[in-house]
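> below are the sequence and a predicted model; questions follow.
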Amino acid sequence: MISRRFLSRLARSYSTQTGLVLLLLILFGALSASYFFPDDPRNMVGSPTLWPGADARFPLGTDMMGRDMLSGLLYGARTSLMIGLFATALSVVLGIVIGVIAGYFGASWVDDILMRLTEVFLTMPRLLFAIALVMVLGPSTFSISLALGATSWPQIARLVRGEALRVREMEFVRAAATIGLGHLRIITRHVLPNSIAPVMVASSVLVAQVILSEASLSFLGLGDPSVVTWGSMVGSGREVLRTAWYMTALPGLAIFLTVMGFMLIGNGLNDIYNPRLQRK
């Protein structure tokens with residue numbers, strides 16, 4: 001359950017509140033896309049290259065194919081958030097499992113193998129590795145989410161490992177081992193619950209990174225062609241950047257606000273969970 005102490009700190013964290021407001025507005029837009037725009041956002045519904053405000057039917061204008069920019073932004077929010085959350089969930093699960101096992105069996109062959117594996121993934125450029133996976137699996141929402149999730153877990157694993165190394169030396173963990181509890185029970189009941197608090201901060205930042213990576217893939221033409229994404233909108237708008245810059249600026253602004261919302265939440269949670277700041 002959420003404690004009153006946490007809620008009181010959250011109420012004083014303007015960074016977290018601002019980030020939540022931004023994300024709630026974006027989430028509302030993503031969920032209401034089908035209600036306001038029941039048709040396919042890829043349909044050509046108006047004259048091409050209408051600037052924002054030129055036609056009341058299209059408040060944010062149309063692109064060079066005559067597609068509604070506002071409809072594309074709302075459906076793009078749905079795709080970006082879905083990929084960001086799914087990929088982050090996958091990377092968090094992988095990172096927690098690998099990190100807590102490595103930390104619990106620290107200074108052993110298990111820790112050495114898992115950390116060497118983590119270092120291999122850390123040394124590879126994450127975006128290039130994701131591009132390779134998407135090209136092998138084919139561009140789709142699932143393959144992009146899988147590729148980004150499979151390449152984003154090492155930082156979570158290292159963070160959880162450090163916490164698990166600290167927790168395993170505590171008296172209650174030693175007492176559990178003394179009375180004969182098995183490794184699995186000690187990990188799941190004692191080490192894991194006390195090692196994942198920093199993951200909440202890292203996860204919010206990771207979602208922002210995944211959304212940026214997905215936009216980069218779509219910008220490069222490796223996005224799912226069956227859906228509208230902010231990255232694909234930016235990529236298509238670059239062809240008319242000098243004459244119709246709004247086609248790139250609007251989805252770019254949406255990406256910026258979404259990433260900023262998650263980053264503000266991450267900074268706010270760091271202020272809440274940081275023990276040094278709590279003492280101040």
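Thanks, I have it. Numbers count the residues shown, from 1 in each chain.
> elements contacting the one helix or strand residue 213 maps to?
Assigned by DSSP states H and E, residue 213 belongs to helix 197-219. If contacts are counted by 3 or more Cβ pairs under 8 Å, 6 or more residues apart in numbering; DSSP states H and E, helix 197-219 sits against helix 69-104, helix 126-137, helix 141-150, helix 154-167, helix 230-237, helix 246-273. In short, each C-beta sits where N, CA and C put it, glycine included.
> burial of residue 110, as a residue count?
13 (other Cβ atoms under 10 Å).
> wait, what's in contact with it?
Neighbour list for residue 110: 101-102 [criterion: Cβ atoms under 8 Å, 6 or more residues apart in numbering].
> in the helix or strand hosting it, what's buried?
Element membership of residue 110, judged by DSSP H and E, is helix 109-123. Buried positions in helix 109-123, judged by neighbour count with 16 or more other Cβ atoms under 10 Å: 111, 114-115, 118, 121.
> nearest to residue 213 among those?
The closest of the buried residues of helix 109-123 to residue 213 turns out to be residue 121 (Cβ to Cβ; 14.5 Å).
> show me what contacts that closest one?
Shown in contact with residue 121 (Cβ under 8 Å, 6+ apart): 129, 151, 153-154.
> biggest separation within those residues, which pair?
With distances taken as Cβ to Cβ, the most widely separated pair in those is 129 and 153, at 12.0 Å.
> who has more neighbours, those two?
Ranked by neighbour count (other Cβ under 10 Å), residue 129 and residue 153 place residue 153 first, with 25 against 15.
> if we can go back for a sec, just put the helices and strands packed on helix 197-219 in a markdown table and tack on mean pLDDT.
What follows is the helices and strands packed on helix 197-219, written out as a markdown table (pLDDT from 0 to 100):
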| stretch | mean pLDDT |
| --- | --- |
| helix 69-104 | 91 |
| helix 126-137 | 87 |
| helix 141-150 | 90 |
| helix 154-167 | 88 |
| helix 230-237 | 86 |
| helix 246-273 | 85 |
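> distance to residue 213 for these - can I get that in a markdown table?
Shown next, in a markdown table, are the helices and strands packed on helix 197-219 (distance: least, Cβ to Cβ, whole Å):
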| stretch | distance to residue 213 |
| --- | --- |
| helix 69-104 | 8 |
| helix 126-137 | 6 |
| helix 141-150 | 5 |
| helix 154-167 | 13 |
| helix 230-237 | 9 |
| helix 246-273 | 11 |
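> once you drop chain neighbours, what's closest to residue 98?
Spatial nearest neighbour of residue 98, excluding adjacent residues (Cβ to Cβ, 6 or more residues apart in numbering): residue 157 at 4.4 Å.
> now for the one you found, how many residues are close by?
Neighbours around residue 157, by other Cβ under 10 Å: 27.
> contacting residues for it?
Each residue near residue 157 by Cβ under 8 Å, 6+ apart is listed here: 94-96, 98-99, 102, 114, 118.
> that older thread, pull the helix holding residue 213 out as CSV, backbone CA atoms only.
Extracted as CSV, the C-alpha positions of helix 197-219 are listed here (Å, rounded to 0.1, in the frame of the first residue of the first chain):
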residue,chain,number,x,y,z
ALA,A,197,12.7,0.7,-5.1
PRO,A,198,15.3,2.5,-7.3
VAL,A,199,13.8,0.7,-10.3
MET,A,200,10.8,2.9,-10.2
VAL,A,201,13.0,5.9,-10.9
ALA,A,202,15.0,4.2,-13.6
SER,A,203,11.9,2.9,-15.3
SER,A,204,10.4,6.3,-15.8
VAL,A,205,13.6,7.4,-17.5
LEU,A,206,13.8,4.2,-19.5
VAL,A,207,10.3,4.8,-20.9
ALA,A,208,11.5,8.1,-22.2
GLN,A,209,14.5,6.6,-23.8
VAL,A,210,12.5,3.8,-25.4
ILE,A,211,10.1,6.4,-26.9
LEU,A,212,13.0,8.3,-28.4
SER,A,213,14.5,5.1,-29.8
GLU,A,214,11.2,4.1,-31.3
ALA,A,215,10.9,7.5,-32.9
SER,A,216,14.4,7.1,-34.3
LEU,A,217,13.6,3.7,-35.8
SER,A,218,10.4,5.1,-37.4
PHE,A,219,12.3,8.1,-38.7
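> good, wrapping up.
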